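Asker: Below is the sequence, then the predicted model.
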Amino acid sequence: MNITTPRVFIAATRQNDGKTTTSLGLMAALQKFYPRIGYIKPVGQRFVEVAEHKIDEDTVLMDSVYKLDCPLVDMSPIAVEPDFTRKYLENANYEILVKKIQNAFDRVAWEKQFVLCEGSGHAGVGSVFDLSNAQVAKILGAKVVIVTRGGIGKPIDEVALNQALFEKAGVEIIGVIINKVMPDKLDYISDFARRGLKRIGLDLLGVIPHQRILSRPTLRSIKEDLDAEELNHSRKLTNMVEDVVVGAMGANNAVQFFSPGVLVITPGDREDIIAAAAATLSGKGLSTIAGIVLTGDLRPSEGVLKLIREMNFPVLLAKDDSYEVASKVHDLIIKTRPDDVEKIALIRDVIGQHVDVSRILKAI
């Protein structure tokens, strides 16, 4: 396997700590030093079908944003399907999987100056089939950067747990990036987290301020998560949701909550609320809400559907009732998507400003 191309492995202490966000921003920062950069996510757990191949979602995102000039199947060599673990435990094929990762890395690294490797969560994820993040980093011969969530005590405790597993696998940790820190606490967290990490022998590589926009779902992600039908073609599925209003009251009371960025969730037969939402359109054709989700699989009458088709914000029809829809939206895992242009630009800027990339490269 290629052992000469510089590489780094990005891991996290928990799911949704910002590993992919950090990787997305680091790609842009690293390109300033290495214009030809490759990317690989050796083991992926959330995947989509691309040309009959199961490709990790984050790999699709990275390739869409950076045009990496490498087959997706090499950047995402192993997809953990629902029965993957059972099959492995019945008939372990560790050597085959290792060889698959190594061969994929060689192709990703071909004619590249640097390779960014992204893990699948904390150090132990994948242990059940002998490919934990610690083990994969060892296979790739990569040093590790750990991403954790804002704070001091709990994040450092979690980093220490991950540190133990990486060290057991013989993998060196370059340092830690703390993500999602409230802007007014940046200096405080930076100071004391640096002290705490130093006590366990690790460096603080950066502290990233929390950006509310990155935790806001788009109508597209809500549509996909709910498997909802779009009743119009507003071309505004990239609208971001800042707040949710469940239209369980009369239209006169509901309309006071209609404001920019609001998602209205209401049964499909509440034509009074649909009409009230339509009234939020200004003379310039701009909406004051993000969109509507009609629930209960209750399709409005043809007259109301005609009104919906004229709205320039998305109107979705979901099978679940209003309570289930509201719960799913609340629990939605926010993933950056290729068409989230505003988010991606912000991620690049924030990582570039708050992470010491030169220290990472010096350690490698």
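Answerer: That came through fine. Owing to the predicted nature of the structure, the values given are computational and were not obtained by experimental measurement.
Asker: quick one: low-confidence parts of the stretch 201-350 of the chain?
Answerer: For the stretch 201-350 of the chain, the stretches flagged by pLDDT under 70 are 281-287.
Asker: Try it again at 50.
Answerer: 283-285 (pLDDT under 50).
Asker: What are the structural domain limits within this structure?
Answerer: 7-212+337-363, 219-330 (automatic domain parsing).
Asker: can you list these in CSV and add mean neighbour count and distance to Met1?
Answerer: Every C-beta, even on glycine, is put in place using the N, C-alpha and C of the backbone. Below are those laid out as CSV (neighbours: other C-beta atoms under 10 Å; distance: least, C-beta to C-beta, whole Å):
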stretch, mean neighbour count, distance to Met1
domain 7-212+337-363, 19, 4
domain 219-330, 18, 37
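Asker: Can you tell me which helices and strands the strand ranked longest in the chain packs against?
Answerer: If you go by DSSP state E, the chain has its longest strand at strand 173-181. Applying 3 or more C-beta pairs under 8 Å, 6 or more residues apart in numbering; DSSP states H and E, one finds that strand 173-181 contacts helix 19-31, strand 143-149, helix 153-168, helix 186-199, strand 204-209, helix 357-363.
Asker: Now render those as TSV, adding distance to Thr295.
Answerer: Output for the helices and strands packed on strand 173-181, formatted as TSV (distance: least, C-beta to C-beta, whole Å):
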stretch	distance to Thr295
helix 19-31	30
strand 143-149	33
helix 153-168	37
helix 186-199	41
strand 204-209	36
helix 357-363	46
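Asker: Sheet-wise, list the partners of the longest strand of the chain with their directions.
Answerer: Partners of strand 173-181 in the sheet, by DSSP bridges, are strand 143-149 (parallel), strand 204-209 (parallel).
Asker: With distance to Arg107 added, can I get those in a markdown table?
Answerer: Putting the strands paired with strand 173-181 into a markdown table (distance: least, C-beta to C-beta, whole Å) gives the following:
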| stretch | distance to Arg107 |
| --- | --- |
| strand 143-149 | 22 |
| strand 204-209 | 29 |
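Asker: Ok, which of those comes nearest Glu57?
Answerer: strand 143-149 (17.4 Å; C-beta to C-beta).
Asker: chain center to that closest one, what's the gap?
Answerer: Averaging C-alpha positions (C-alpha atoms, centre = their mean, to the nearest Å) puts strand 143-149 16 Å from its chain's average.
Asker: tell me the mean pLDDT for it?
Answerer: Strand 143-149 comes out with an average pLDDT of 97.
Asker: List of residues touching that strand?
Answerer: The contact list for strand 143-149 (C-beta atoms under 8 Å, 6 or more residues apart in numbering) reads 8-14, 17-19, 22, 137, 155-156, 158-159, 162-163, 166, 171-180, 205, 360, 363-364.
Asker: Stretch 194-211 too?
Answerer: With C-beta under 8 Å, 6+ apart, stretch 194-211 has contacts from 18, 22, 145, 150, 152-153, 156, 159-160, 163, 173-183, 186, 189-190, 193, 346, 350-351, 354-356, 359-360.
Asker: if we go to 7 Å?
Answerer: Contact with stretch 194-211 is made by 145, 150, 152, 156, 159-160, 163, 173, 175-183, 186, 189-190, 193, 346, 350-351, 354-356, 359-360, as judged by C-beta atoms under 7 Å, 6 or more residues apart in numbering.
Asker: repeat for stretch 75-87
Answerer: Counting by C-beta under 7 Å, 6+ apart, 39-45, 47, 54-56, 59, 63, 68, 97, 100-101, 104, 108, 128-129 sit against stretch 75-87.
Asker: for the record, mean pLDDT for that stretch?
Answerer: 93.
Asker: end to end, how far does that stretch reach?
Answerer: One end of stretch 75-87 to the other measures 23 Å (C-alpha to C-alpha, to the nearest Å).
Asker: next one: stretch 334-349
Answerer: 19 Å.
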